[in-house]
Structure formats: structure tokens, C-alpha cells
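coordinates only, sequence not included:
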């Protein structure tokens, strides 16, 4: 199988050597070289990286990368066979070309295991974590342009779990269909949304919104998928993350 999985990065970092992985410097336009493929060749939106995050790499792959299967992971976050405690050992659990061929022979799409919120729906979690306008506009645009997806949007917003991180591997025809749909919606949100005065973090709005739109597209199109473990290559401070979430939830300070 011709499989290409982008590894989104913005700084030098360890990379897997398996041939199916393609390190890509997202937001490469105007930046110092770090030795990876840039996302600013051919048809690209590299200059929008501050607002689209890793999606500038995804757009580049959609427009410029020939492959039968295309995916996206992050320089610190990969699909792995299983979770292990040692960070160094996690590198050896990252799925290889052979692993991917076996998986993709059975399913057209692979996504991360569910992230569960338990006490929050996807919509309420987003509202507590971010400015709401971006997701509100995405909902309106789906209603206008893709009414067949409206019920799926509501279903996903009301769930207490989601497939996050903008990580997946997809068969090419599905990948093209997803990107066509996704970037049409995000492009229209961008046209209508005024982010003047937003913090650098909140200005990454199109990346945040897209994390939930993946599940909307899967749900609306009844796409079969397999969930796969995701491992982080750096320690996660869950106490800090949990404390920050509770602060946003109960204080309403989600726009700083």
C-alpha cells in the first residue's frame, strides 16, 4: 500500500524512520529551516498556520501529495500498538508500514481512541474552553450548505466523547471528500469570523473547530472506522490540565 502519514512539526524533534511517515514543517512559510518538508509548496495555506494549526499540513497533503492512504499525526503524539509507561519504549510501539497495511486492509479509516468528558458534552466542553463563535458559525454553515449533516452535528455535539487531535489515516477517496467538506466550512467560517483582539491561543480557532468536525463527517456519511491507541512522547500534566478545565468551567474565564 502507498501510505503517507504526515508528522506535523514546527521545530526539530525525533522522528520515526519508517518510510510511511513524512515529517512536515507546518507553517513553514517565512520560517527558518528545520530540515523537514515544508507545507508551503504548490497549492498551500501555510501562511495561515497561526489560525489553522496542523491543518495547513493537511491542506498541503490534500493538494500536493499522491498516495493511496493519507494520515496525520503529531511530532509528540502517535498511533501506537499499546500504551507503555516508558516514553522511550513508546517510540517502539508506533505503528509501522506493516502494521498499517494490516489495519487498512480491514477498515478505510483509523482514528484515535475516544476522549471521554463524562460530565460534559462536546459542545459544553468547547464552550467552556474556547470562544463559542467559531463553532456557532460552523453550525450555521452546515445548516446552510450541508443540511444533510445537521443531525450528525447535533449528535456529535451532545456526545460526551470524541476522536480528538485531528489525527487519522484515511483511504484516498474518503480523504479527498473529507478535506473538500472540511475546508469549505472552515473557509466560510474564516470569512465571517472577526478574531480581532483574540489571544494567540484562541486565534487557533479553525484547528479547534475542526477537531469536532471530523466526527460530524464520519457520522453523517456512515463511515466505518477503527479506533487505535494514541501515545504521547512527553509527560502529560493531568493535574494541571484538570485544574485549568475546572477553572474555565466554574469561573467562565475561557477567553483569556
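Great, that's in hand. Quick caveat: nothing in here was measured; it's all calculated off a predicted structure.

pLDDT below threshold where in the stretch 151-256 of the chain?
The stretch 151-256 of the chain contains residues with pLDDT under 70 at 237-256.

That one: strands as residue ranges?
Remark: strands assigned in the stretch 151-256 of the chain by DSSP state E, counting those that start in this stretch are 161-162, 168-171, 226-228, 230-232.

Pull up the gap between residue 231 and residue 12, please.
20 Å (Cβ to Cβ, to the nearest Å). Every C-beta, even on glycine, is put in place using the N, C-alpha and C of the backbone.

Show me which of these two is the more surrounded one.
Set residue 231 next to residue 12 and count neighbours by other Cβ atoms under 10 Å: residue 231 wins out with 19 against 13.

For the more buried one, give me its contacts.
Residues in contact with residue 231 (Cβ atoms under 8 Å, 6 or more residues apart in numbering) are 77, 78, 80, 83, 84, 90, 93, 94.

For stretch 17-27, which residues meet the burial criterion?
Using 16 or more other Cβ atoms under 10 Å as the test for burial, stretch 17-27 gives 20, 21, 22, 23, 24, 25, 26, 27.

Looking at those, which are in strands?
21, 22, 23, 24, 25 (DSSP state E).

Residue 75 is in contact with the third one, correct?
Yes. Counting by Cβ atoms under 8 Å, residue 23 sits close enough to residue 75 to count as a contact (7.4 Å).

any residues in contact with both of these two?
7, 9, 15.

Are any of the contacts of residue 231 buried, and if so which?
Counted by 16+ other Cβ under 10 Å, the contacts of residue 231 give 77, 78, 80, 90, 93, 94 as buried.

OK, contacts around the residue nearest to the first one when sequence neighbours are not counted?
Read that as residue 77. Spatially, and ignoring its direct neighbours in sequence, residue 77 is nearest to residue 232 (5.5 Å; Cβ to Cβ, 6 or more residues apart in numbering). Residue 232 makes contacts with 76, 77, 90, as judged by Cβ under 8 Å, 6+ apart.

what do you get if the cut-off is 10 Å, keeping everything else the same?
74, 76, 77, 78, 80, 83, 87, 90 (Cβ atoms under 10 Å, 6 or more residues apart in numbering).

residues contacting the fifth one?
Listed by Cβ under 10 Å, 6+ apart, the contact set of residue 80 reads 89-95, 99, 228-233.

Pull the most distant pair out of these.
99 and 232 (18.7 Å; Cβ to Cβ).

ok, how many other residues are close to the nearest residue in space to residue 151 that is not next to it in sequence?
Spatial nearest neighbour of residue 151, chain neighbours left out: residue 220 (7.7 Å); criterion: Cβ to Cβ, 6+ apart. Neighbour count for residue 220, taken as other Cβ under 10 Å: 19.

right, and residue 220 touches residue 177 too?
No. If you go by Cβ atoms under 10 Å, residue 220 and residue 177 don't touch, sitting 11.1 Å apart.

List the contacts of residue 234.
13, 75, 76, 77, 87.

If we use 6 Å, what do you get?
The contact partners of residue 234, taken as Cβ atoms under 6 Å, 6 or more residues apart in numbering, are residue 76.

And for residue 37?
Contacts of residue 37 by Cβ under 6 Å, 6+ apart are residue 24.
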